[in-house]
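Peer 1: fold the following for me, if possible:
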Amino acid sequence: MSKSRMPLYLGIAAVGGAGYYLYGAGGNPKAAESKFESDVNKASGKLKAKLPGETPDAEKNLKGYGQETGAKIDKAIADADKEASKLKKDAEAYAKDAKSEALKAVDKFDQKVEEGAAKAKSGISGWFGGSSK
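Peer 2: Sure, this is the predicted structure:
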């Protein structure tokens, strides 16, 4: 089993980030913390400016996206349902064929056993003078 290396990479990134801010602040942890918070606030502001929702028509646009996404999901579910139905029919047909073949093989085996039993019975009856019917 292989373990995920993601925690290792995240730890290295965290240590590297902390080292970057400490080096930039000249080793002062308070200054490094305030610089980090400042950078986080800047990045957050940039992300919020790019998100849909900052425009007056945002709600209208989001409803359109929601309806479009909902339609795509509904179509995907319908397609998956059709495929599952088709696979189920194919599996049932295969099972029916396999059952039929198995029953034919059992019938053939039974017939051979009965023929063998009849021959054995007639052979034994002949020893004791009986007639075979």
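Peer 1: all helices of the chain, in order?
Peer 2: Ranges of helices in the chain, per DSSP state H, are 6-24, 29-50, 58-128.
Peer 1: show me how far the longest one is from its chain's centre.
Peer 2: Put simply, helix 58-128 sits 22 Å off its chain's centre (C-alpha atoms, centre = their mean, to the nearest Å).
Peer 1: now swap in the second one and tell me
Peer 2: How far helix 29-50 lies from its chain's middle: 39 Å, per C-alpha atoms, centre = their mean.
Peer 1: looking at that helix now, give me its mean pLDDT.
Peer 2: Model confidence over helix 29-50, given as mean pLDDT, is 87.
Peer 1: angle of that helix against helix 6-24?
Peer 2: Between helix 29-50 and helix 6-24, the angle comes out at 110 degrees (axes from the mean of the first three to the mean of the last three C-alpha atoms, to 10 degrees).
Peer 1: report the buried residues of helix 29-50.
Peer 2: Ala32, Lys35, Phe36 (16 or more other C-beta atoms under 10 Å). Every C-beta, even on glycine, is put in place using the N, C-alpha and C of the backbone.
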